[in-house]
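Participant: The sequence isn't on hand, but the structure is:
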């Protein structure tokens, strides 16, 4: 029997406009058999480091069913499924959904950020996160690592997306930052003394190896996916240094030991050379930013297999905004110190053979502009193919999810995007994503959102 819910859904589907040159890509009823056929002018194979010619992808019930060189006859598929859609992406390059290894989806810096922390509630950040998550998805990033938030808002956002309540990328969240008293993760930095309190491991603030174990176990209890630590100062906090070491080697080692016991990877925010050295020796999985890393740090990272996530765009953005008067004086000074250095460091790390994954620090700059990082990576000396691999196969390896993300393959979830032209010829086209599919659902067609 047809239920009222199915009748309502059918009526809504009937009202959706057809996309130009394609059947309208819509969500199917639960239990229906759906096939999508996507004809691409080119297909990026980042695993092989090759750009393939015309290719047709067949997606069945949210997964890649077939991959064919050239075109296919869609009539057999129409006979085999309840719903069939056909999308022809003329002169476009298809590729796996992109992965941003460093985001903050429940926050976005502005001129008012330093006063907003006294006005905005956790619910405000969570609701704003739904907007930022959608922007990120529509920019072609179907998977992200969310490296730190307040009040575990990104865990709630992740759960809502997974439940189909709001659109957004696959989120792997670190929950709250872990740092030390007065360090870059301390949520009371900048408060007057009688408002500071004494944040502890439950708040992500540690001051001993014992605290480190408790903080990691709290993250496990909260439902985090990985751990983010702050072994150095940062730019946008109100401390005086962006690079001084703020965790001992023993504290880093304790975090890593606890995290690995619980199946977590550990990402380390670190600008200064000594903080980077301690983090790498402590066993972290990735260094984020790495602004002032030196040749010895790079050798150490290669020896330990530590990943590097440059976030060049964040350095460029804070430098620009410092010059526009956005930040308090001590923050502006740090932004001016970091901004001019981070791109050169990324180029040196690439030449040194350090493993690099794509990440942006979105939230420091406006969400949805993530793809600008590709141009900065190329400007730093990385070939376009390498930059694309950094956002696909490399980032999937960093996540320990190479079997799920980073390439288009039969049997995998259908996370597919397309950009006009060939990004190997002009990396700037990565900023003009015109097609986005996540788990077989099309969220963007002909450069326009399909779900309002």
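Facilitator: Ah, there it is. Since the structure is predicted, the reported quantities are computational estimates derived from the model, not experimental observations.

Participant: Strands of the stretch 151-300 of the chain, residue ranges please.
Facilitator: 170-173, 179-180, 205-206, 227-229, 266-270, 286-289 (DSSP state E, counting those that start in this stretch).

Participant: Pairing partners for the longest one, with directions?
Facilitator: When pairs are called by DSSP bridges, strand 266-270 turns out to pair with strand 227-229 (parallel), strand 286-289 (parallel).

Participant: repeat for the third one
Facilitator: Neighbouring strands of strand 205-206 in its sheet, by DSSP bridges, are strand 179-180 (parallel).

Participant: Excluding sequence neighbours, find me the nearest residue to residue 214.
Facilitator: Closest residue to residue 214 apart from its sequence neighbours, by CB to CB, 6 or more residues apart in numbering: residue 201 at 4.0 Å. For the C-beta atoms, the positions are set from N, CA and C on the backbone; glycine is no exception.

Participant: which residues sit in contact with the one you found?
Facilitator: 211, 212, 214, 215, 218 (CB atoms under 8 Å, 6 or more residues apart in numbering).

Participant: would CSV of these with distance to residue 280 and neighbour count be doable?
Facilitator: Output for those, formatted as CSV (distance: CB to CB, whole Å; neighbours: other CB atoms under 10 Å):
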residue, distance to residue 280, neighbour count
211, 22, 19
212, 17, 28
214, 24, 17
215, 20, 26
218, 25, 18
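
Participant: want to throw the strands paired with strand 266-270 into TSV with mean neighbour count?
Facilitator: Formatted as TSV, these follow (neighbours: other CB atoms under 10 Å):
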stretch	mean neighbour count
strand 227-229	33
strand 286-289	29
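
Participant: Now tabulate those strands in JSON lines and tack on distance to residue 421 and mean pLDDT.
Facilitator: Shown next, in JSON lines, are these (distance: least, CB to CB, whole Å; pLDDT from 0 to 100):
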{"stretch": "strand 227-229", "distance to residue 421": "36", "mean pLDDT": "98"}
{"stretch": "strand 286-289", "distance to residue 421": "31", "mean pLDDT": "98"}
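
Participant: May I see these arranged in TSV, with distance to residue 374 as well?
Facilitator: Below are the strands paired with strand 266-270 laid out as TSV (distance: least, CB to CB, whole Å):
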stretch	distance to residue 374
strand 227-229	24
strand 286-289	18
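
Participant: for the ones you listed, which one sits closest to residue 164?
Facilitator: With distances scored as CB to CB, the stretch of these nearest to residue 164 is strand 227-229 (26.8 Å).

Participant: So what touches the closest one?
Facilitator: 147-148, 174, 177-179, 185, 216, 219, 247, 252, 255, 259, 264-269, 279, 284, 288.

Participant: Equivalent analysis for stretch 417-425, please.
Facilitator: 40, 42, 44, 51, 89, 91-98, 140, 142, 374, 384-385, 388, 429-430, 432-437.

Participant: and with 7 Å instead?
Facilitator: With CB atoms under 7 Å, 6 or more residues apart in numbering as the test, stretch 417-425 has contacts from 40, 42, 51, 89, 91-95, 97-98, 140, 384-385, 388, 429-430, 432-436.

Participant: Also stretch 307-322?
Facilitator: Taking CB under 7 Å, 6+ apart as the rule, stretch 307-322 contacts 101-102, 235-236, 285-291, 301, 327, 332, 335-336, 338-340, 342-343, 346, 349, 354-357, 359-361, 364-365, 372-373, 376-377, 380, 398.

Participant: Check stretch 391-399 too.
Facilitator: Outside stretch 391-399, the residues touching it (CB under 7 Å, 6+ apart) are 46-47, 96, 98-99, 101, 145, 172, 285-286, 307, 355-358, 402, 405-407.

Participant: follow-up on the earlier one: so which of the contacts of stretch 307-322 are in strands?
Facilitator: Among those, DSSP state E puts 101, 102, 286, 287, 288, 289, 355, 356 in strands.

Participant: Could you count how many residues lie near the first one?
Facilitator: Think residue 101. 29 (other CB atoms under 10 Å).

Participant: The nearest residue to it once chain neighbours are set aside and residue 304: what is the separation?
Facilitator: Once flanking residues are discounted, residue 101 sits nearest to residue 359: 3.7 Å by CB to CB, 6+ apart. Separation of residue 359 from residue 304 (CB to CB, to the nearest Å) stands at 19 Å.

Participant: How about residue 391?
Facilitator: 23 Å.

Participant: Which of the two has more residues huddled nearby?
Facilitator: A direct count of neighbours by other CB under 10 Å for residue 391 and residue 304 places residue 391 higher, at 31 against 15.

Participant: Following element in sequence after the host helix or strand of residue 76, please.
Facilitator: Applying DSSP states H and E as the criterion places residue 76 in helix 75-80. Next helix or strand after helix 75-80 toward the C-terminus (DSSP H and E): strand 83-96.

Participant: What residues of the longest helix anywhere in the chain count as buried?
Facilitator: Longest helix in the chain, counting residues (DSSP state H): helix 329-352. Buried positions in helix 329-352, judged by neighbour count with 16 or more other CB atoms under 10 Å: 331-332, 334-335, 337-339, 342-343, 345-350.

Participant: which among the residues you listed gets closest to residue 74?
Facilitator: residue 350 (42.7 Å).

Participant: ok, that closest one - contacts?
Facilitator: So residue 350 contacts 356, 380, 381, 382 (CB under 7 Å, 6+ apart).

Participant: how does the protein divide into domains?
Facilitator: With domains defined by automatic domain parsing, the chain comprises 4-97+407-449, 98-399.

Participant: How far off centre is the last one?
Facilitator: Between the mean C-alpha point of domain 98-399 and the mean C-alpha point of its chain there is a distance of 10 Å (CA atoms, centre = their mean, to the nearest Å).

Participant: Pull the number of nearby residues for the residue nearest to residue 101.
Facilitator: 32.

Participant: For residue 248, which non-adjacent residue is closest in space?
Facilitator: In space, residue 248 is closest to residue 278, 7.4 Å off (CB to CB, 6+ apart).

Participant: thought that neighbour was touching residue 249?
Facilitator: Yes: with contact defined as CB atoms under 7 Å, residue 278 counts as touching residue 249 (4.7 Å).

Participant: For these two, work out which one has more neighbours and name it.
Facilitator: Higher neighbour count among residue 278 and residue 249: residue 278, with 24 against 14, using other CB under 10 Å.

Participant: what's near enough to touch that one?
Facilitator: Applying CB under 7 Å, 6+ apart, the residues near residue 278 are 231, 245, 247, 249, 252.

Participant: Please spell out the ChimeraX selection for the buried subset of those.
Facilitator: Entered in ChimeraX, the line below selects the buried ones among the contacts of residue 278, by 16+ other CB under 10 Å:
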select :231,245,247,252
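
Participant: Mark which of the contacts of residue 278 are part of helices, please.
Facilitator: 249, 252.

Participant: want to throw the contacts of residue 278 into TSV with distance to residue 207 and pLDDT?
Facilitator: As requested, the contacts of residue 278 are exported to TSV (distance: CB to CB, whole Å; pLDDT from 0 to 100):
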residue	distance to residue 207	pLDDT
231	13	97
245	14	95
247	10	97
249	14	98
252	13	98
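
Participant: Cool, thanks, talk later.
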